[in-house]
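J.: Mind looking at a prediction? Sequence and model below.
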Amino acid sequence: QVQLVESGGGLVQPGGSLRLSCAASGIDLKYYAIAWFRQAPGKGPEGVSSISSSDGSTAYADSVKGRFTISRDKATNTVYLQMNDLKPEDTAVYYCRASFNGNWLNIWGQGTQVLVSS
């Protein structure tokens, strides 16, 4: 069974850091582009960051550029999102998705909640 499992969220004060994990089973993530999305209460999904399968190139939303870093660990079949200098507007449920040849896999994890508050 193919699964993506997100973890690492929690409550953090503004300026703090969290590292989110997207762990896969049933697929080898090195063959897939992986993207992190988030959805804040009352808002639509927002693309946060992505990493390609080919050359590991990365992309970031302007709102997180310079603060978030996406990376891939082939040994553990996991993609990480290191989030630094968190702001209240980063509060959202974060989830990862996998795509192959430009097509999103119909695989959804449960997401992980990030709450940035003092």
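T.: Nice, I can see it.
J.: any low-confidence regions in the protein?
T.: Counting by pLDDT under 70, the chain has no low-confidence residues at all.
J.: Within the helices and strands, which one has the spatially most central residue of it?
T.: What sits nearest the mean C-alpha location of the chain, by Cα atoms, centre = their mean, is Trp36, with 3.1 Å. For Trp36, the host element (DSSP states H and E) is strand 33-39.
J.: what about Ala61, neighbour count?
T.: Per other Cβ atoms under 10 Å, the neighbour tally for Ala61 reads 15. For glycine as for every other residue, the C-beta is placed from the backbone atoms N, C-alpha and C.
J.: Please name the residues that touch the closest residue to Phe37 other than its chain neighbours.
T.: If the residues on either side of it in the chain are set aside, Phe37 comes closest to Pro45, at 5.0 Å by Cβ to Cβ, 6 or more residues apart in numbering. Pro45 sits next to 37-39 when contact means Cβ atoms under 8 Å, 6 or more residues apart in numbering.
J.: Tell me the first helix or strand C-terminal of the strand holding Trp36.
T.: strand 46-51.
J.: Now the element after that next one, going C-ward?
T.: Proceeding N to C from strand 46-51, the next assigned helix or strand is strand 58-60, under DSSP H and E.
J.: Residues in contact with that next one: which ones?
T.: With Cβ under 8 Å, 6+ apart as the contact definition, strand 58-60 has outside contacts at 48-52, 68-70.
J.: Taking the residues you listed, tell me the two that lie furthest apart.
T.: Among these, the pair separated by the greatest distance (Cβ to Cβ) is Ser52 and Phe68, at 16.3 Å.
J.: More neighbours: the two, which one.
T.: Neighbours were counted for Ser52 and for Phe68 using other Cβ under 10 Å; Phe68 has more, 22 against 15.
J.: Could you pull up phi and psi at that one?
T.: phi -110, psi 150 (degrees, to the nearest 10).
J.: Quick check: buried residues in stretch 46-54?
T.: Across stretch 46-54, burial judged by 16 or more other Cβ atoms under 10 Å covers 48-51, 53.
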